[in-house]
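>>> I would like to see how this sequence folds:
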Amino acid sequence: MKYNLLIKIPLLLSIIFIISCNNNEVKHYNSVDEMVAEAKLKVEFIEVEELHGLLDTADVLVIDVREGYEYNPGYIPVAINIPRGVIEFKMGNDIFWENQMLYPPLKEGPIVLVCKKGHRSILTINTLKQLGFTDVKYLKGGFKAWETKYPLEQEKNLEQVHDTGAEVGGC
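Coordinates of the predicted model:
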C-alpha cells in the first residue's frame, strides 16, 4: 500500500506540473485597436523632434514598415523600407543588408520603426524583440507626424511613384 502511494504521488505531481507548464493559451482581441492599445503599454516611443536630432548625430537604424506603395511617395531620408509582413525574413538576411549597402543591425543597436500613424510599428516591436533585438522604439505619430513637422525633409522615389509599367512596343 505504501509502495503504491509512493509511486502515485510523484506521478500525479508530475502530471500536474506538465499540464500547468503547457499553458499555450492565446489571447483573443475584439479589434486591432484593442491589440494595439495593449501592445502600446509595453513599448517605448520616440518623438519626431528627438528622432530628427538623432539622425545627424547618432547611429540609429530607421525602418519604415509601410508597404512600398505607401513608402515611395514620401519617407524619412535615412529610412529603409521593410514592410511589416516580411520583416522577420529580412532582419537576419545578410544578402538583403548587402543590397542596402549596410551591415546587418546589431541585436543591441538602436532601431526606430516608422509606419503611417504608429500602429503597425507598435505591433512590429514585439516581433523584433522575439528575434533578439533589445533597443527598439516606434516613432510616435508615425510618418504623418514627421511629415507635419518636417514637410521639406522627406525624400520621394519618383521612379517608383510615377512608374507606369513596362514600356510597350510600337512603331
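>>> contacts for stretch 36-54 next, please.
Stretch 36-54 is contacted from outside by 29, 60, 62, 76, 112, 118-119, 122-123, 125-126, 136-141, 145-146, 149-150, 153, using Cβ atoms under 8 Å, 6 or more residues apart in numbering. C-betas here are computed from N, CA, C, even on glycine.
>>> so for that stretch, mean pLDDT?
Stretch 36-54 carries an average pLDDT of 94.
>>> list buried residues within the contacts of stretch 36-54.
Taking 16 or more other Cβ atoms under 10 Å as the criterion, what is buried in the contacts of stretch 36-54 is 60, 62, 76, 112, 118-119, 122-123, 125, 136-141, 145-146.
>>> filter these down to the ones in helices?
Of the buried ones among the contacts of stretch 36-54, the ones assigned to helices by DSSP state H are 119, 122, 123, 125, 145, 146.
>>> can you name the two of those that are farthest apart?
The most widely separated members of those are 123 and 146, with 19.1 Å between them, by Cβ to Cβ.
>>> contacts only, for the residue at minimal distance from the centre of the chain.
Nearest residue to the geometric centre of the chain (Cα atoms, centre = their mean): residue 124, 2.9 Å. Shown in contact with residue 124 (Cβ under 8 Å, 6+ apart): 65, 84, 87, 113, 115, 138.
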